[in-house]
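Trainee: have a look at this fold, sequence not included:
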């Protein structure tokens, strides 16, 4: 193969570095890393949608659905991370597949709001149902990995390894998908949907595929998040503000590259953690302020900084 | 049985009026400016907080007791003018040319900021402004007791609705506004000062949002986080009725209000769920909402 994809190389290097770093990282760093990977995966799904000009204000639906799938299975006695996370991913994907038949007909603000309506239905159901833990939520048991049952710090190290491998595979997969005809179609749909139809492709099918994919990765993120935090409750998993945070990360990252979503998620997590640590009464202020600053001064997201640096050098 | 029906209808109408009051400002702003304003929740919260503060101060003086009601309106007007002008001039003005999603997100960011500004000004302890409500006492309809203050809410919603309808269809200002809604560029070419129209609309929308909060303040405990819930409720109502339509907001509010009251009395466990289920159902069959103004198809 003569042509070598720079992004895949970059991702692989980052993957290997993190893999090695896993053994040296402090516990809190690994915790932030885990959360960033989980949220980054959801943002990756949103990025895929955004490439056709669609933004969803309701992906907490799939995130929360995944997290609750994992927690219900864990309560039912399953502890294997492979089972929990795969079930979370599949169930959310299935849900997205069903809802997708309706949503693929909508664009712009209607798409965004209809997503929010569905996510608030889940929120309403969970809050009102005792069997689903109501507002208190559930604790998640310690995961095992194919029969290997770590304890103490090893749990997190293994979970991080597990998450890292799968996010790497998903991200490379998305990058490759974006280079295919179906992937390029997303831009065509954004630019002019009617022309796409005249060229003989179904714009709705393109969007449906993306939608299912975004549901799958959001479910994956939710499953990981449930295991990483060890607790699931409706306000931090399914409320509309959670969906807002995912859109925040997507805007923060920009559409420049698949890798950007993880950097965006990490920046988000760092801002949030430190704001919460040093100014507990001000963390929303700081979060909102940084979002405004990004919108005003860095409209193409963090990734565009790299482009600016390159230009400055040349 | 009759008692239950009366309770459902009256509770439903009170709740509908509440929903209309919080949704109408949102729909006015969306109708004219095509902006889905998440900061609306902050207008509501600021209105409630300022009303609670002013009412508290007012009842420490010896002024006539009914003057407390004036404080509610004073709070709404102050918040609307102050926050409305700051936000429109200081933020939104610079974003009009950007993608609609980005504007929504900017108002979301502003909402987060304002949530903490409220905590900075008023702290985290709840405020109560029960005096106006205690003043009006209670009455009963067909044997079911209701507090009169909630019933005045229905009156207020009707007055606000009629005033807006009159202002939009019968005055010169209203007609200018309709022209801007119909075609922004053409009305600008005809000499309408769209910049001013936008500012005035946003301030009016902000005042309406704040009025919703201020008038509700006596019936609730005013505490941090009251804005979060209001936004999604207002969104749901506006979406059901058709974004940007005032009669739509009214119908949407009545539909949601009555079905929620029915749910609360008959199946309390589906209370939250029912609102969004209606929203999803309406969107599925009439994506533009029940009463959306007709739009020309653009290619």
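Mentor: Yep, that arrived. This structure is a prediction, so every number in the text was calculated from the model and none was measured.
Trainee: in the stretch 1-150 of chain B, which spans are strands?
Mentor: Secondary structure of the stretch 1-150 of chain B (DSSP state E, counting those that start in this stretch): strands at B:138-141, B:144-147.
Trainee: now tabulate the ones you listed in JSON lines and tack on distance to residue A:243.
Mentor: Where you see a C-beta, it was placed from the backbone N, CA and C, and this is true even at glycine. Shown next, in JSON lines, are the strands of the stretch 1-150 of chain B (distance: least, C-beta to C-beta, whole Å):
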{"stretch": "strand B:138-141", "distance to residue A:243": "41"}
{"stretch": "strand B:144-147", "distance to residue A:243": "36"}
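Trainee: nearest to residue B:53, out of the ones you listed?
Mentor: Nearest of the strands of the stretch 1-150 of chain B to residue B:53, taken as C-beta to C-beta: strand B:144-147 at 22.6 Å.
Trainee: what parts of the stretch 151-300 of chain A come near chain B?
Mentor: For the stretch 151-300 of chain A, the contact set with chain B under C-beta under 8 Å from any C-beta of the partner chain comprises A:194, A:239-241, A:244, A:247-248, A:251, A:281-285, A:287-289, A:291-292, A:295-296, A:299.
Trainee: close to chain B, is the host helix or strand of residue A:116?
Mentor: Assessed by DSSP states H and E, residue A:116 sits inside helix A:108-128. Yes: counting by C-beta under 8 Å from any C-beta, chain B has neighbours in helix A:108-128: A:108-110, A:112-114, A:116-118, A:120-121, A:123-125, A:127-128.
Trainee: of these, grab the buried ones for ChimeraX.
Mentor: In ChimeraX, a selection of the buried entries from the residues of helix A:108-128 next to chain B looks like this (16 or more other C-beta atoms under 10 Å in any protein chain shown):
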select /A:109,110,112,113,114,116,117,118,120,121,123,124,125,127,128
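Trainee: and the residues of helix A:108-128 next to chain B, which two are furthest apart?
Mentor: Across the residues of helix A:108-128 next to chain B (C-beta to C-beta), the longest gap, 31.3 Å, separates A:108 and A:128.
Trainee: returning to what we had before: in helices only, show me the residues of the stretch 151-300 of chain A next to chain B.
Mentor: A:194, A:240-241, A:244, A:247-248, A:251, A:283-285, A:287-289, A:291-292, A:295-296 (DSSP state H).
Trainee: residues near residue B:145, how many?
Mentor: 9 (other C-beta atoms under 10 Å in any protein chain shown).
Trainee: now the stretch 151-300 of chain A against chain B: closest residue?
Mentor: residue A:288 (3.1 Å; C-beta to the nearest C-beta).
Trainee: what sits against the closest residue to chain B within the stretch 1-150 of chain A?
Mentor: Closest residue of the stretch 1-150 of chain A to chain B, C-beta to the nearest C-beta: residue A:124 (3.3 Å). Residue A:124 makes contacts with B:270, B:271, B:272, B:273, B:275, B:276, as judged by C-beta atoms under 8 Å, 6 or more residues apart in numbering or on different chains.
Trainee: quick check: angle from the strand or helix carrying the fifth one to helix A:108-128?
Mentor: In this assignment (DSSP H and E), residue B:275 forms part of helix B:271-285. Relative orientation of helix B:271-285 and helix A:108-128, computed by axes from the mean of the first three to the mean of the last three C-alpha atoms, to 10 degrees: 150 degrees.
Trainee: contact partners of helix B:271-285?
Mentor: A:102, A:106, A:110, A:113-114, A:117-118, A:120-121, A:123-125, A:127-128, B:233, B:236, B:239-240, B:255-256, B:259-260, B:263-264, B:289-290.
Trainee: can you list the buried residues in the helix or strand that contains residue B:216?
Mentor: Using DSSP H and E, residue B:216 sits in helix B:194-216. Going by neighbour count (16+ other C-beta under 10 Å), the buried part of helix B:194-216 is B:194, B:197-216.
Trainee: among the residues you listed, which are in reach of chain A?
Mentor: Checking these against chain A (C-beta under 8 Å from any C-beta), there are no matches.
Trainee: sorry, back to before: how much space is there between the residue of the stretch 1-150 of chain A closest to chain B and residue B:256?
Mentor: Taking C-beta to C-beta, to the nearest Å as the measure, residue A:124 falls 13 Å from residue B:256.
Trainee: again, but for residue B:61
Mentor: 39 Å.
Trainee: run a quick neighbour tally on residue 75.
Mentor: You didn't say which chain, so I picked chain A. The burial count assigned to residue A:75 is 13, neighbours taken as other C-beta under 10 Å.
Trainee: switch to chain B, please.
Mentor: 27.
Trainee: ok, it touching residue B:44?
Mentor: No: using C-beta atoms under 8 Å, residue B:75 makes no contact with residue B:44, being 11.6 Å away.
Trainee: low-confidence regions, the stretch 1-150 of chain B specifically.
Mentor: The model of the stretch 1-150 of chain B has pLDDT under 70 over residues B:134, B:136-138, B:142-144.
Trainee: just give the nearest non-adjacent residue to the closest residue to chain A within it, would you?
Mentor: Residue nearest to chain A within the stretch 1-150 of chain B (C-beta to the nearest C-beta): residue B:112, separated by 3.1 Å. Distances taken as C-beta to C-beta, 6 or more residues apart in numbering or on different chains place residue A:288 nearest to residue B:112, at 3.1 Å, with adjacent residues excluded.
Trainee: distance of that neighbour from residue A:294?
Mentor: From residue A:288 to residue A:294 the distance is 11 Å (C-beta to C-beta).
Trainee: quick one on the thing from earlier: report pLDDT for the residue of the stretch 1-150 of chain A closest to chain B.
Mentor: Note on residue A:124: pLDDT of 79.
Trainee: which residue packs closest to it, ignoring adjacent ones?
Mentor: With C-beta to C-beta, 6+ apart, the residue lying closest to residue A:124 is residue B:272, at 3.3 Å.
Trainee: so what's the residue count around the one you found?
Mentor: Residue B:272, neighbours per other C-beta under 10 Å, totals 21.
Trainee: repeat for residue B:74
Mentor: What residue B:74 shows, counting by other C-beta under 10 Å, is a neighbour count of 16.
Trainee: ok, the spatially closest residue to it that is not a sequence neighbour - contacts?
Mentor: Nearest residue to residue B:74 in three dimensions, chain neighbours excluded: residue B:54, at 6.3 Å (C-beta to C-beta, 6+ apart). In this structure, residue B:54 makes contact with B:71, B:72, B:74, B:75, judged by C-beta under 8 Å, 6+ apart.
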